[in-house]
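**Student:** compute the structure for the input listed below.
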Amino acid sequence: MLGRLGEYEIGEVIGRGGMGMVLKGFQKELQRYVAVKVLAPHLATSGAARRRFAREAQATAAVVHPHVMAIHSVHANSKLPYLVMPFVPCESLQQRLDRQGPLDVKEVLRIGMQAALGLAAAHAQCLVHRDVKPANILLETNVERVMLTDFGLARAVDDSTLTRTGIIAGTPQYMSPEQANGDAVDHRSDLFSLGSVLYAMCTGRPPFRAETTFGVLRRIRETPPRPIREINADIPEWLERIVMKLLAKSPAERFATATEVATLLEQCLAHVQQPTAVALPKVVWEPTSESSLAGVAPRLCRAAAGLLTVFTAAMCCAILLRSAPGSINVSVVTTVTVLIGVLAWRLWRARIRQAVLFALGVFGTVIVLQWLTLPGPNAEQSEEGLAAERR
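**Tutor:** Residues are numbered from 1 along each chain as shown. Coordinates of the predicted model:
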């Protein structure tokens with residue numbers, strides 16, 4: 001035994017995080033094990049941290065659901081504030097991903113469905129979680145049950161603090177574009193974060209990555225994630241469509257509610273388990289314009305890369321055939337060919353940008369001009385014939 005905290009005998013540390021640690025305790029009066037979440041000592045003197053800690057307890061207590069971690073009691077006024085939860089042998093989804101990598105389709109659907117049910121229960125209480133991520137999704141050991149935890153950033157939808165801009169709260173890699181902008185958020189922000197979690201389960205990594213936090217936030221706001229099937233071809237196209245709809249930049253382009261997502265994932269899971277008996281829901285073949293573009297863009301990019309390569313090869317052959325010996329500007333042809341090859345490779349990788357499209361136009365023009373301005377093999381003979389006629 002490590003010691004006592006109030007009426008609880010503390011046996012071991014079972015988890016650590018930025019806000020504090022989770023301890024395994026024993027409540028002798030009720031003869032039960034509990035999980036005790038203690039605020040870190042260096043944060044105990046912070047009024048904001050204490051308020052967040054108390055808010056987590058209040059928010060979680062308001063949501064009674066099998067897929068939301070319950071709270072037995074809270075001791076917010078202690079020297080080290082702590083709250084008491086049921087002890088459930090489990091691991092976080094993040095730990096599962098770190099150990100196993102991408103999950104199979106059934107697991108993605110099952111975990112996603114139960115997480116969506118937990119979010120639906122929170123949203124029914126007019127709460128927005130605001131920090132949905134793999135580390136806050138617990139997977140119970142030996143039982144197929146998923147629980148949402150850590151409501152420390154949760155807010156009521158009508159909370160006046162939501163009207164303040166410029167305040168970033170949440171984990172950058174799983175934030176919604178609204179959060180990344182510091183704008184007001186509603187329940188659809190949680191759906192975007194759930195989409196990021198589904199993406200991570202499908203690929204083993206979050207959808208938006210960069211070397212800096214600012215870079216991550218910029219990608220969330222401005223760029224679509226890399227298509228899932230480019231990373232993991234085992235993921236069916238219809239599941240990719242669901243994830244991409246959740247990851248739509250505009251909240252209006254996402255699913256309307258977490259309940260809708262949970263129902264859809266449940267139907268898809270039934271199809272995967274019994275493909276001949278249960279048909280796929282029709283909605284998975286009706287992507288939004290944004291998700292449709294995200295799915296079609298890679299194919300268009302590859303087609304453009306192929307056409308660009310053929311065009312470059314044809315132009316180089318034409319230059320060689322039309323040019324007199326010694327008249328070819330080898331350096332120009334080589335440079336332009338290499339540059340267009342690089343651009344074609346980037347298109348093949350679906351790394352399309354406006355600058356790339358502009359560069360394609362410029363370099364394509366250079367090749368055409370090179371082709372049109374070089375003299376043909378009979379040009380010299382023609383000039384000699386004209387000179388002879390004049391004489």
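**Student:** tell me the strands in the stretch 151-300 of the chain, going along the chain?
**Tutor:** For the stretch 151-300 of the chain, the strands defined by DSSP state E, counting those that start in this stretch cover 155-156.
**Student:** what pairs with the one helix or strand Glu9 maps to, and is each one parallel or antiparallel?
**Tutor:** Element membership for Glu9, per DSSP states H and E: strand 8-16. Its sheet considered, strand 8-16 pairs with strand 3-5 (antiparallel), strand 20-27 (antiparallel) by DSSP bridges.
**Student:** distance to Leu97 for those - can I get that in TSV?
**Tutor:** For glycine as for every other residue, the C-beta is placed from the backbone atoms N, C-alpha and C. Listed next are these as TSV, based on distance: least, C-beta to C-beta, whole Å:
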stretch	distance to Leu97
strand 3-5	31
strand 20-27	19
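**Student:** most packed of the ones you listed?
**Tutor:** Among these, the stretch with the highest mean neighbour count (mean count of other C-beta atoms under 10 Å) is strand 20-27, at a mean of 20.
**Student:** redo the strands paired with strand 8-16 as JSON lines? Include distance to Asp131 and mean pLDDT.
**Tutor:** Compiled in JSON lines, those are given as follows (distance: least, C-beta to C-beta, whole Å; pLDDT from 0 to 100):
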{"stretch": "strand 3-5", "distance to Asp131": "25", "mean pLDDT": "89"}
{"stretch": "strand 20-27", "distance to Asp131": "15", "mean pLDDT": "91"}
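**Student:** surely Pro227 is in contact with Glu240?
**Tutor:** Yes. Using C-beta atoms under 8 Å, Pro227 is in contact with Glu240, at 6.7 Å.
**Student:** state the pLDDT value of the closest residue in space to Gly20 that isn't next to it in sequence.
**Tutor:** Nearest residue to Gly20 in three dimensions, chain neighbours excluded: Ala40, at 4.2 Å (C-beta to C-beta, 6 or more residues apart in numbering). Listed pLDDT for Ala40 reads 84.
**Student:** before we move on, what about Glu384?
**Tutor:** Per-residue pLDDT puts Glu384 at 57.
**Student:** ok, now Arg16?
**Tutor:** For Arg16, pLDDT reads 80.
**Student:** what about the residue nearest to it when sequence neighbours are not counted, distance to Val36?
**Tutor:** Of all residues not flanking Arg16 in the chain, Val22 sits nearest, at 7.5 Å (C-beta to C-beta, 6+ apart). Applying C-beta to C-beta, to the nearest Å, the value for Val22 to Val36 is 7 Å.
**Student:** got it, and Ala256?
**Tutor:** In terms of C-beta to C-beta, Ala256 sits 38 Å off from Val36.
**Student:** neighbour count: those two, which is higher?
**Tutor:** Using other C-beta atoms under 10 Å, the more surrounded residue of Ala256 and Val36 is Val36, with 23 against 12.
**Student:** okay, angle between the strand or helix carrying the more buried one and strand 20-27 too, please.
**Tutor:** For Val36, the host element (DSSP H and E) is strand 32-39. Relative orientation of strand 32-39 versus strand 20-27 (axes from the mean of the first three to the mean of the last three C-alpha atoms, to 10 degrees): 150 degrees.
**Student:** what does the following helix or strand past strand 32-39 contact?
**Tutor:** With elements assigned by DSSP H and E, the helix or strand that comes after strand 32-39 is helix 47-62. By C-beta atoms under 8 Å, 6 or more residues apart in numbering, the surrounding residues in contact with helix 47-62 are 19, 39, 43-44, 68-71, 74, 76, 81, 83, 122, 125, 127, 149-154.
**Student:** so which residues of this structure form helices?
**Tutor:** 47-62, 93-100, 105-124, 177-181, 187-203, 213-222, 228-231, 237-246, 258-273, 289-322, 330-348, 354-373, 379-390 (DSSP state H).
**Student:** and the angle for the fifth one with helix 237-246?
**Tutor:** Computed by the same axes, to 10 degrees, the angle separating helix 187-203 from helix 237-246 equals 140 degrees.
**Student:** average pLDDT across helix 187-203?
**Tutor:** Rounded mean pLDDT across helix 187-203 is 97.
**Student:** try the first one
**Tutor:** Confidence over helix 47-62 (mean pLDDT, whole number) is 79.
**Student:** one more: the longest one?
**Tutor:** If you average the pLDDT over helix 289-322, you get 59.
**Student:** tally of neighbours for Met147?
**Tutor:** When neighbours are defined as other C-beta under 10 Å, Met147 has 22 of them.
**Student:** and it, what is it in contact with?
**Tutor:** Counted by C-beta under 8 Å, 6+ apart, Met147 has contacts Pro66, His67, Val68, Met69, Val88, Cys90, Gly118, Ile137, Leu138, Glu140.
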